[in-house]
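**Q** need coordinates for the following:
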Amino acid sequence: MEPPVKCCFPLTPEYIGYADSGLEEDLFVATRPNIELLPEGQFKYHVDFEHLQVTDETGMICVSRPTNPTGNVITDDELIKLDALANQHGIPLVIDNAYGVPFPGIIFSDARPLWNPNIVLCMSLSKLGLPGSRCGIIIANEKIITAISNMNGIISLAPGGMGPAMMCEMIKRKRSSAPVRNGDKAVLLSARAGDYRHYSPLFAGRSLPDS
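**A** Modelled structure (predicted):
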């Protein structure tokens, strides 16, 4: 019996960049949403659980929160239901959380973070407003992290070290705003997206541009 190979998107439209991430054809399956019409020409779309199909071919469920490019934010209840569905079928729920909580000033609706050993939570340091230091952050169980580490050892021979070094220091200090020093330079990290300052003795007494 062949292992499950399909990636299920329970909600569409989804991030178009996923289309080029597969290793074979017909990797993705998707479900049309329920569309809720709102005042002033607005709308919100929801997961249609009545028509969502998770079969023996489904290897994972994947959602982005908020969804790119529409900005739709899956509700807490929808996320809990998807997690229960993934648990029921023994497959992971992958949450693409690059623009999501807990980063402030990005999501403007009620949304709580969710994680358990069945979830693969993907985040990004780039949303802290640190250009050039893009760093993916994956929170998952030990088995999945080990597999991803082994994979990165082959496909990413020389990943950038500045982003991971700063993030490691922030986690150790349990603070999202702390100076991290490297030689004669210091970078002040702030959880507010786009709010960062780069200091060097060369610019003593001078103001630096915001970007």
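**Q** C-alpha from now on. contacts and neighbour counts both.
**A** Noted.
**Q** which residues sit in contact with Tyr15?
**A** Residues near Tyr15 by Cα atoms under 8 Å, 6 or more residues apart in numbering: 64, 67-69.
**Q** at 10 Å what do you get?
**A** Counting by Cα atoms under 10 Å, 6 or more residues apart in numbering, Tyr15 touches 63-64, 67-70, 96.
**Q** please apply the same query to Phe9.
**A** Counting by Cα under 10 Å, 6+ apart, Phe9 touches 28-32, 47, 52, 60-64.
**Q** how near is the spatially most central residue of the chain to Ser124?
**A** Centroid-nearest residue in the chain: Asn97, 2.6 Å away (criterion: Cα atoms, centre = their mean). Separation of Asn97 from Ser124 (Cα to Cα, to the nearest Å): 8 Å.
**Q** same question, Asn34
**A** Counting by Cα to Cα, the gap from Asn34 to Ser124 is 29 Å.
**Q** ok, now Ser149?
**A** 17 Å.
**Q** between those two, which is the more surrounded one?
**A** Per other Cα atoms under 10 Å, whichever of Ser149 and Ser124 has more neighbours is Ser124, with 19 against 11.
**Q** in the sheet, who's paired with that one?
**A** Gly136 (DSSP bridges).
**Q** helix or strand with the lowest mean pLDDT in the chain?
**A** Using mean pLDDT, DSSP states H and E, strand 197-199 stands out as the lowest-scoring helix or strand of the chain, at a mean of 34.
**Q** my guess is Leu82 meets Phe49, correct?
**A** Yes - proximity of Leu82 to Phe49 meets the contact threshold set by Cα atoms under 10 Å, at 8.9 Å.
**Q** give me the common contacts of the two.
**A** Residues touching both Leu82 and Phe49 by Cα under 10 Å, 6+ apart: Pro10.
**Q** so for these two, which sits in the more crowded spot?
**A** Leu82 (19 against 16).
**Q** name the spans of this protein whose pLDDT lies under the cut-off.
**A** By pLDDT under 70, the weakly predicted segments of the chain are 1-4, 104, 126-134, 159, 174-211.
**Q** show me where it has its strands.
**A** Using DSSP state E, the strands of the chain run over 6-9, 28-30, 34-37, 43-46, 58-64, 93-96, 119-124, 136-139, 179-182, 185-188, 197-199.
**Q** for Ser21, phi and psi?
**A** phi -100, psi 0 (degrees, to the nearest 10).
**Q** is it true that it touches Cys7?
**A** No - look at Ser21 against Cys7 with Cα under 10 Å: they stay out of range, at 11.0 Å.
**Q** shared neighbours of those two, which are they?
**A** Residues touching both Ser21 and Cys7 by Cα under 10 Å, 6+ apart: Leu27.
**Q** looking at those two, which is more packed in?
**A** Taking other Cα under 10 Å, Ser21 and Cys7 do not tie; Cys7 has more neighbours (20 against 9).
**Q** which ones are touching the more buried one?
**A** Here Cys7 is in contact with 22, 26-30, 54, 57-62, 94 (Cα under 10 Å, 6+ apart).
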